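**Q** coords please:
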Amino acid sequence: MKARTILGTLVMMCVLVQVAYAGGKDDLKKYFSDTASKVKATTETAQKREILGNSLQKMSTTLDMVQNSPLISEKDRVSLNHFKTALQEKQDELNGSNGFERVSDTQLNAFSDYIVQDMEQASKTITVTVLTAILIAVIAVLLIAA
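**A** Alright, predicted model coming up:
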C-alpha cells in the first residue's frame, strides 16, 4: 500500500509540475498577445509605439528581476539572457537604434504580431525550469498591475 501511495504521489507531482510549467509559458504568450491586441485597438501611431515600447521594457525589467533571484540556476540565467537579448533587439528595431531600421508607423500592427510570433518561438527554444517560468509570470503580472 505504501508503494502505491508513493508512486501515486510521484505521478501527481510530475503532472502538476508540467501544468505549472505550461501555465508560466502560456502567461508569457498571453502577455505578448494582449500587447498586440492593444496596439491594434489604438489608432494613433505614437500610442502604438508607446504600448510596444512599454511592454518590451516591462518584460525586460521582469527578466532582470528573475535573473537576480538567488533561486535561479546558472543554466536558467543563460536562457533568460538569450530571451532578454531577443527582447532588446525588438526594442532596438522598434526605435531604430543599434543598427536597426526603425519600424515604420504603418507597420506597427504587423510588428506587434511579429513580436508575438517571435517570442512564442523563443519560449519554445529557450528552456527554463518551472520555478523560473512561474517567477516570470508572477512578476510580469505584478508589473502590469502597477
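**Q** Mind giving me the packing neighbours of the helix or strand encompassing Ala46?
**A** Secondary structure assignment for Ala46, by DSSP states H and E: helix 45-67. Helices and strands touching helix 45-67, as assessed by 3 or more Cβ pairs under 8 Å, 6 or more residues apart in numbering; DSSP states H and E, comprise helix 2-41, helix 74-95, helix 108-125, helix 130-145. Placement of C-beta: from N, CA and C, glycine included.
**Q** Tell me what angle that helix forms with helix 108-125.
**A** 20 degrees (axes from the mean of the first three to the mean of the last three Cα atoms, to 10 degrees).
**Q** and the angle from helix 45-67 to helix 74-95?
**A** Computed by the same axes, to 10 degrees, the angle between helix 45-67 and helix 74-95 is 170 degrees.
**Q** tell me which residues of helix 45-67 are tucked away?
**A** Using 16 or more other Cβ atoms under 10 Å as the burial criterion, the residues of helix 45-67 that qualify are 48-49, 51-52, 55-56, 58-60, 62-63, 66-67.
**Q** In this structure, where is pLDDT below threshold?
**A** Within the chain, the set of residues satisfying pLDDT under 70 comprises 1-27, 122-146.
**Q** For Met59, see how far away Gln88 is.
**A** Distance of Gln88 to Met59, given as Cβ to Cβ, to the nearest Å: 10 Å.
**Q** Would you work out how far apart the start and end of stretch 92-106 are?
**A** By Cα to Cα, to the nearest Å, the extent of stretch 92-106 from end to end equals 17 Å.
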